[in-house]
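J.: Predicted model follows, preceded by the sequence.
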Amino acid sequence: MLPARNSDLSQNNSLGNGESEPVFQAPWEATAFAIVNQLAATGQFTWGEWTTQLSKGISLAEAESPENSSYYKNWVSACEKILISKGLLEPDVIAQKIEEIIAEREQDHH
């Protein structure tokens, strides 16, 4: 099966809950979804690897704090873990980027 094009994603009936509720609650969730799809489409990891890591992450997050478990936060975490395990991403780079984003937000007084 070929990876879905962006235009095909809106046609996918498996997205969303079938009601008028949006698929994504915030723009960053759509970004996380797109990044994971692109990484899989370019062969950075398989969907089998992805579903295994995501399932583990969701189980751990729900065991720790079910009320604070966020589906797309689990997507981001699973993506980070896979990329780190494959040597495609360094934990220090993630930490540095988080610090940069926090500093930018603290300086932005709008």
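T.: Everything's here; your move.

J.: count of neighbours near residue 103?
T.: 10 (other Cβ atoms under 10 Å). (Glycine included, C-beta is placed from N, CA and C.)

J.: Please disregard the earlier target; I meant residue 77.
T.: Residues within reach of residue 77, counting by other Cβ under 10 Å, total 19.

J.: Same question for the one 4 residues further on.
T.: A total of 17 residues lie near residue 81 under the criterion other Cβ under 10 Å.

J.: Spit out the contact partners of it.
T.: 53, 57 (Cβ atoms under 8 Å, 6 or more residues apart in numbering).

J.: Could I get the full set of helices for this structure?
T.: Ranges of helices in the chain, per DSSP state H, are 6-9, 27-41, 47-64, 71-85, 91-107.

J.: can I get the ones you listed in JSON lines with mean pLDDT?
T.: Shown next, in JSON lines, are the helices of the chain (pLDDT from 0 to 100):
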{"stretch": "helix 6-9", "mean pLDDT": "44"}
{"stretch": "helix 27-41", "mean pLDDT": "95"}
{"stretch": "helix 47-64", "mean pLDDT": "94"}
{"stretch": "helix 71-85", "mean pLDDT": "94"}
{"stretch": "helix 91-107", "mean pLDDT": "88"}
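
J.: and among these, the most buried is which?
T.: Among the helices of the chain, ranked by average contacts under mean count of other Cβ atoms under 10 Å, first place goes to helix 71-85 (a mean of 18).

J.: how big is the angle separating that one from helix 91-107?
T.: 140 degrees (axes from the mean of the first three to the mean of the last three Cα atoms, to 10 degrees).

J.: Run the angle between helix 71-85 and helix 27-41 for me.
T.: Using the same axes, to 10 degrees: helix 71-85 against helix 27-41 is 40 degrees.

J.: tell me the angle of helix 71-85 relative to helix 47-64?
T.: Angle, helix 71-85 to helix 47-64, by the same axes, to 10 degrees: 120 degrees.

J.: got CSV for the helices of the chain, with distance to residue 21 too?
T.: Supplementary listing: the helices of the chain in CSV, determined by distance: least, Cβ to Cβ, whole Å:
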stretch, distance to residue 21
helix 6-9, 17
helix 27-41, 13
helix 47-64, 20
helix 71-85, 13
helix 91-107, 28
